[in-house]
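[1] Structure for the following, please:
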Amino acid sequence: MADQAKVKKPFYKKWWVILIAVLVVLTIIGALSGDKTSDDAGKAAVPATPPQAEKQPVVPPAAPAAPVTQPVPVPEPAAVVQVPDFVKARGAVCDTYKSQANDIKKSEVFNDYFNNFNSKDPALTMSEVKGVVTGIETPQGGDFVWVKVDASWGELSNNDVLVDGSALLGKSPRSIRKGTEIYKLLGELQEGQTVVVAVDRVLPEKNPFSEKEGVCGDAWLVKFTSIRPLQ
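    Residues are numbered from 1 along each chain as shown. This next block holds a predicted model:
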């Protein structure tokens with residue numbers, strides 16, 4: 001029909017409406033893509049926190065072992081040396097001798113001491129005297145023997161040749177003759193051996209070269225009545 005009114009297209013079918021719609025859609029899509037990219041960039045900018053190592057339990061150091069205390073050895077008390085009275089008396093005479101003004105007075109002290117010393121005094125008999133053998137000597141043939149024993153308070157010897165020449169023949173009262181029991185015992189001993197002796201006839205030994213040594217020395221002439229090794 002010529003007169004029939006021309007039908008109009010709906011507005012949403014018009015080309016310009018479709019163009020606008022496409023532009024709007026593209027704009028929205030672009031906006032959404034930008035936000036995601038920003039989020040990803042922000043996430044990438046933040047450094048990742050390194051994983052922390054697992055904490056190990058702290059074990060306190062072991063206490064040092066207590067030192068082992070070694071027992072302190074207690075030294076044995078030193079044996080008390082019993083000094084005979086006649087040894088002490090000789091020391092007193094020595095002090096008197098040294099205090100004299102001249103040799104004349106000293107000789108008087110010397111003579112008085114030796115002239116009045118009684119070797120047969122029972123107080124000069126001793127038993128259980130411990131000492132070390134320092135000499136065992138015999139003359140040619142071994143008819144008798146001279147012995148020296150070092151005790152803690154002096155040297156004991158039966159060699160009294162300087163007192164009586166008969167000792168050279170083994171006739172001194174202090175001689176130890178071959179065949180006696182003590183002679184046999186001495187045959188089993190040696191120098192350096194510790195022994196226990198019994199003595200009598202004790203006499204301070206004179207020194208032919210020194211008056212002072214005779215008074216102040218520690219050598220004693222004795223008669224050995226027994227001798228045995230220390231067990």
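
[2] Point me to the helix or strand that includes residue 131.
    Using DSSP states H and E, residue 131 sits within strand 126-137.

[3] How about that strand, which residues are buried there?
    Within strand 126-137, the residues that count as buried by 16 or more other C-beta atoms under 10 Å are 126, 129, 131, 133, 136. (Each C-beta comes from the backbone N, C-alpha and C, glycine too.)

[4] ok, now stretch 100-117?
    So stretch 100-117, judged by 16+ other C-beta under 10 Å, has buried residues 106, 109, 110, 113, 117.

[5] and the gap between the fourth one and residue 14?
    Same thing as residue 113. 167 Å (C-beta to C-beta, to the nearest Å).

[6] Likewise for residue 134?
    152 Å.

[7] cool, residue 149 as well?
    Residue 149 is 154 Å from residue 14, by C-beta to C-beta.

[8] Those two: who's more crowded?
    Shown here are residue 149 and residue 14; by other C-beta atoms under 10 Å, residue 149 has more neighbours (27 against 12).

[9] If we ignore the residues flanking it in sequence, what's nearest that one?
    residue 131 (4.1 Å; C-beta to C-beta, 6 or more residues apart in numbering).

[10] And residue 178, by the same measure?
    residue 143 is the one closest to residue 178 (C-beta to C-beta, 6+ apart), at 5.2 Å.

[11] Count residues in the vicinity of that neighbour, would you?
    The burial count for residue 143: 14, using other C-beta under 10 Å.

[12] now swap in residue 19 and tell me
    There are 10 residues near residue 19, going by other C-beta under 10 Å.

[13] Equivalent analysis for residue 94, please.
    By other C-beta under 10 Å, neighbour count at residue 94 equals 17.

[14] Which parts of the chain are strands?
    Remark: strands assigned in the chain by DSSP state E are 126-137, 144-151, 154-157, 176-177, 194-204, 219-229.

[15] Mean pLDDT added to those, as CSV?
    Listed next are those as CSV, based on pLDDT from 0 to 100:
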stretch, mean pLDDT
strand 126-137, 95
strand 144-151, 95
strand 154-157, 96
strand 176-177, 92
strand 194-204, 93
strand 219-229, 94
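
[16] didn't residue 154 look like it was pressed against residue 221?
    No: shown here, residue 154 and residue 221 do not form a contact pair, counting by C-beta atoms under 8 Å, at 10.7 Å.

[17] shaky segments in this structure?
    Within the chain, the stretches with pLDDT under 70 are 1-13, 15-17, 33-59, 62-63, 65-66, 74-81, 164-170.

[18] Okay, helices next: where are they in it?
    15-45, 85-98, 103-115, 181-186, 211-216 (DSSP state H).

[19] Against which helices or strands is the fourth one packed?
    So that's helix 181-186. Contacts defined by 3 or more C-beta pairs under 8 Å, 6 or more residues apart in numbering; DSSP states H and E place helix 181-186 against strand 144-151, strand 176-177, strand 219-229.
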